[in-house]
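Peer 1: following is a predicted model, sequence given first.
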Amino acid sequence: MKPPFKLVSDDLSKDTIECLTQLLDHAKAGHILGVAYGAMYKGRRYIVNVAGECHRNRTFTRGIVADLDEELSRSKAKND
């Protein structure tokens with residue numbers, strides 16, 4: 001049985017690849033000290049994790065994640 005709707009596209013995401021490539025370049029150049037991330041996989045699976053300075057400085061990282069939450073709220077409001 002086919003699901004009634006599709007929540008997440010499983011097509012190759014060029015903007016995701018571009019973003020990750022740019023982040024990798026910045027990390028290799030020594031500009032990025034740590035990351036906090038969430039990643040969506042096919043099949044509606046996801047992971048969240050932290051690395052580097054974001055792992056060591058969790059209070060600051062929680063502020064980054066809160067700012068991301070605000071950014072998502074603002075961008076949703078613009079699209080409504």
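Peer 2: In hand now; what should we look at? Numbers count the residues shown, from 1 in each chain.
Peer 1: got any ranges where this structure has weak pLDDT?
Peer 2: For the chain, the stretches with pLDDT under 70 are 1-10, 78-80.
Peer 1: just the strands in it please.
Peer 2: 34-40, 46-52 (DSSP state E).
Peer 1: for residue 39, list each beta-bridge partner.
Peer 2: residue 47 (DSSP bridges).
Peer 1: can you report how many residues lie near it?
Peer 2: 11 (other Cβ atoms under 10 Å). For every residue, glycine as well, the C-beta is placed using N, CA and C.
Peer 1: picking that back up, would you turn the strands of the chain into a markdown table with distance to residue 11?
Peer 2: Formatted as a markdown table, these follow (distance: least, Cβ to Cβ, whole Å):
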| stretch | distance to residue 11 |
| --- | --- |
| strand 34-40 | 12 |
| strand 46-52 | 17 |
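Peer 1: if I look at residue 20, how far off is residue 32?
Peer 2: Separation of residue 20 from residue 32 (Cβ to Cβ, to the nearest Å) stands at 12 Å.
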